[in-house]
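Trainee: Take this sequence and fold it.
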Amino acid sequence: MDYNRIRDFVLSYSHDDEGLLREMYEYASENNVPIIRRESRDFLKTILTIQKPHRILEIGTAIGYSAIVMAETLGEVFIDTCEMDEVRIEEAKGFIERAGMEDRILIHEGDATISLKQLEGNIYDFVFIDAAKAQYMTYLNLLLPLCKEGTVIVSDNILADGDVLESHFLVEKRDRTIHDRMRDYLYSIKNDERLETAILSVADGMAVSVVK
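Mentor: The predicted structure follows:
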């Protein structure tokens, strides 16, 4: 089966962003800023429309693209988002201000493993993980106490451009740590009794977990 052809077919039905989001998407493409892919954006908007969360936790702000997408999709929502790159933080603040969403999107600056320990528990309806892939398991352990029954956790880029499918020794040495930790993460979310998880081949792979 030609998955590239399937992806191109699916994308042919996807609409481009407009206005500020289009500008942000083009800026990210030109400056190699890692933001969610169009298929991931469409999936995220759909699942948010179904669930309608009121409080969202995002790990990995980048320039604020996904946070603004989520806020636009939902309207009445508050988003806590974590980012440690100082340049990205300033860029995100600028875009969030231009979107008029300073009162709905709060950036927690610094290492997410520290920021997560400073947040209150049992308040988040939805969590979006899109940060350092080798740290997903660490993030999960820190964010689960912040969730409640029914919280949806979406993890992005879990297939690492297909590397996760390969054996440890067929992956480039520099990528083996990410490969092994992502495999451990996928095993954990599929076998953790606290979670119900589906692993999907959307874009670069997305996992959807629901806290039981």
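Trainee: Moving C-terminal from the biggest helix by length in the chain, which element do we reach first?
Mentor: Determined from DSSP state H, the single longest helix within the chain is helix 176-191. Per DSSP states H and E, the first helix or strand lying C-terminal to helix 176-191 is strand 195-200.
Trainee: Who are the packing partners of that following strand?
Mentor: When contacts are defined as 3 or more Cβ pairs under 8 Å, 6 or more residues apart in numbering; DSSP states H and E, strand 195-200 packs onto helix 176-191, strand 206-211. Quick note: C-beta positions are derived from backbone N, CA and C, even for glycine.
Trainee: What residues sit buried inside that strand?
Mentor: 195, 197, 199 (16 or more other Cβ atoms under 10 Å).
Trainee: who touches the biggest strand by length in the chain?
Mentor: Taking DSSP state E as the criterion, the chain has its longest strand at strand 147-156. Contacts of strand 147-156 with the rest of the structure, by Cβ atoms under 8 Å, 6 or more residues apart in numbering, involve 36, 40, 44, 47, 51, 53, 122-130, 136, 140, 143, 185, 189, 195, 203-212.
Trainee: again, only this time at 7 Å
Mentor: Residues from elsewhere that reach strand 147-156 (Cβ atoms under 7 Å, 6 or more residues apart in numbering): 36, 40, 44, 47, 51, 122, 124-130, 136, 206-212.
Trainee: Same question for stretch 121-134.
Mentor: Identification of contacts with stretch 121-134 by Cβ under 7 Å, 6+ apart yields 36, 48, 51, 53-60, 66, 112, 136, 139, 143, 145-148, 151-157, 160, 177-178, 181-182.
Trainee: Also stretch 186-203?
Mentor: Here stretch 186-203 makes contact (Cβ under 7 Å, 6+ apart) with 37, 39-40, 43, 137, 144, 158-159, 206-212.
Trainee: In terms of model confidence, name the weakest of these.
Mentor: By pLDDT, Leu159 ranks lowest within those, coming in at 80.
Trainee: So which residues of the chain form helices?
Mentor: Assigned by DSSP H, the chain shows helices spanning 3-11, 19-30, 38-51, 65-74, 86-98, 112-115, 136-143, 176-191.
Trainee: most neighbours per residue, which of these?
Mentor: helix 65-74 (a mean of 22; mean count of other Cβ atoms under 10 Å).
Trainee: and the lowest-mean-pLDDT helix or strand in the chain, what other elements does it pack with?
Mentor: Here the helix or strand of the chain ranked lowest by mean pLDDT, DSSP states H and E is helix 3-11, holding a mean of 80. When contacts are defined as 3 or more Cβ pairs under 7 Å, 6 or more residues apart in numbering; DSSP states H and E, helix 3-11 sits against helix 38-51.
Trainee: Tell me the gap between the helix it packs on and the middle of its chain.
Mentor: Relative to its chain's centre, helix 38-51 lies at 11 Å (Cα atoms, centre = their mean, to the nearest Å).
Trainee: where in the chain is pLDDT low?
Mentor: Within the chain, the stretches with pLDDT under 70 are 1-3, 160-179.
Trainee: how about 90 then?
Mentor: Applying pLDDT under 90 to the chain flags the ranges 1-17, 75-76, 120-122, 132-134, 157-184, 201-205.
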